[in-house]
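J.: Need the 3D shape of this:
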Amino acid sequence: MALGIYPDKESPTSQILEHLQRKGSATIKDFEQLLGVTTTAVRQHLNTLQAEGYIERRRVSVGVGRPHHAYFVTDKVRELLACHCDDLALTLLEEVFALEGVEKVNFLLERVGKRLADRYQQSVQSVVLQERVNELAGALSRHGVLTDVVAQEDDMIMLKTYNCPYHDLAYEHQEICNMDQNMIRQVLGSDVSLSSRIMDGDGCCAFVVRQASRASQEKS
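T.: Numbering: from 1, shown residues only. I've put the predicted structure just below:
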């Protein structure tokens with residue numbers, strides 16, 4: 001990676017990429033407002049990101065208005081915050097699949113998810129579900145996962161993550177996504193379902209969080 005994008009999250013290039021990951025696309029005018037700089041300065045940052053392959057420029061048509069150009073992130077951005085041990089982890093997981101089978105893999109991932117849950121649980125102290133989700137989002141952010149929390153109707157909360165630390169691993173094995181979902185469920189002590197996945201081409205992984213039902217609480 002030629003750019004020094006991370007871990008300096010305050011740099012203009014980092015802010016541009018984070019904005020695109022959250023919003024999906026943006027125009028030069030959007031970036032001017034975001035960064036508070038001139039069009040020329042914005043173009044310089046965008047040209048650098050394009051040259052490195054992190055963003056692309058597309059012609060967009062909306063309604064009856066004139067087409068305009070907007071910017072989008074490429075798949076290369078997913079690699080920025082992915083775990084650098086993905087190749088080793090993927091190889092090890094494939095070997096476990098081959099030698100022990102799916103049941104053993106799921107058993108191991110359940111243990112890994114429990115250890116991750118214990119780690120994140122230290123940062124989640126509130127008894128109010130909304131605050132617990134916010135605390136978990138903060139902990140995930142400190143570990144390099146770009147997150148948003150959106151309150152919904154009917155006491156539903158949406159926890160969105162825009163990058164995956166196990167990108168290549170999860171792309172090959174959905175069991176990783178299941179592990180992540182179960183980990184979040186354990187940390188929050190609530191019902192959690194996965195409504196969208198980056199691996200399916202969605203803009204984010206969206207975890208729908210609801211207050212745990214009595215049956216779920218008794219089961220846990």
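
J.: I'd guessed residue 12 sits against residue 36; true?
T.: No: with contact defined as Cβ atoms under 8 Å, residue 12 and residue 36 do not form a contacting pair (10.0 Å). For every residue, glycine as well, the C-beta is placed using N, CA and C.

J.: the longest helix in the chain is where?
T.: If you go by DSSP state H, the chain has its longest helix at helix 102-121.

J.: Name the residues of it that are buried.
T.: Going by neighbour count (16 or more other Cβ atoms under 10 Å), the buried part of helix 102-121 is 105, 108-109, 113, 116-117, 120-121.

J.: Got the confidence number for residue 9?
T.: According to the per-residue confidence, residue 9 scores 67 in pLDDT.

J.: got it, and the one 4 residues further on?
T.: Per-residue confidence at residue 13 stands at 90 (pLDDT).

J.: now residue 199
T.: At residue 199 the predicted local distance difference test score is 84.

J.: What's the local residue count around it?
T.: Summarising burial for residue 199: neighbours were counted as other Cβ atoms under 10 Å, giving 17.

J.: what about it, which SS state?
T.: For residue 199, the secondary structure call by DSSP: H, G, I helix; E, B strand; the rest coil comes out as helix.

J.: Show me the domain layout of this structure.
T.: Structural domains of the chain, as assigned by automatic domain parsing, span the residue ranges 12-77, 86-219.

J.: where among those domains is the average confidence lowest?
T.: Across the domains of the chain, the stretch with the lowest average pLDDT is domain 86-219; it has a mean of 85.

J.: Can you list the neighbours in contact with the longest helix of the chain?
T.: Outside helix 102-121, the residues within contact range by Cβ atoms under 8 Å, 6 or more residues apart in numbering are 93, 96-97, 136, 139-140, 173, 175-176, 178-180, 182-183, 186-187.

J.: Apply the buried test to those residues and list what passes.
T.: By the neighbour-count criterion of 16+ other Cβ under 10 Å, the contacts of helix 102-121 include these buried positions: 93, 96, 136, 139-140, 173, 175-176, 178-180, 182-183, 186-187.

J.: which one of these is nearest residue 16?
T.: If you rank the buried ones among the contacts of helix 102-121 by distance to residue 16 using Cβ to Cβ, residue 140 comes first, at 21.3 Å.

J.: List the residues that contact that closest one.
T.: When contacts are counted by Cβ under 8 Å, 6+ apart, residue 140 touches 120, 147, 161.

J.: that older thread, looking at the buried ones among the contacts of helix 102-121, which one is closest to residue 151?
T.: Within these, distances to residue 151 taken as Cβ to Cβ reach their minimum at residue 136, with 14.5 Å.

J.: Show the contacting residues for that closest one.
T.: When contacts are counted by Cβ under 8 Å, 6+ apart, residue 136 touches 120, 123-124, 159, 184, 187-188.
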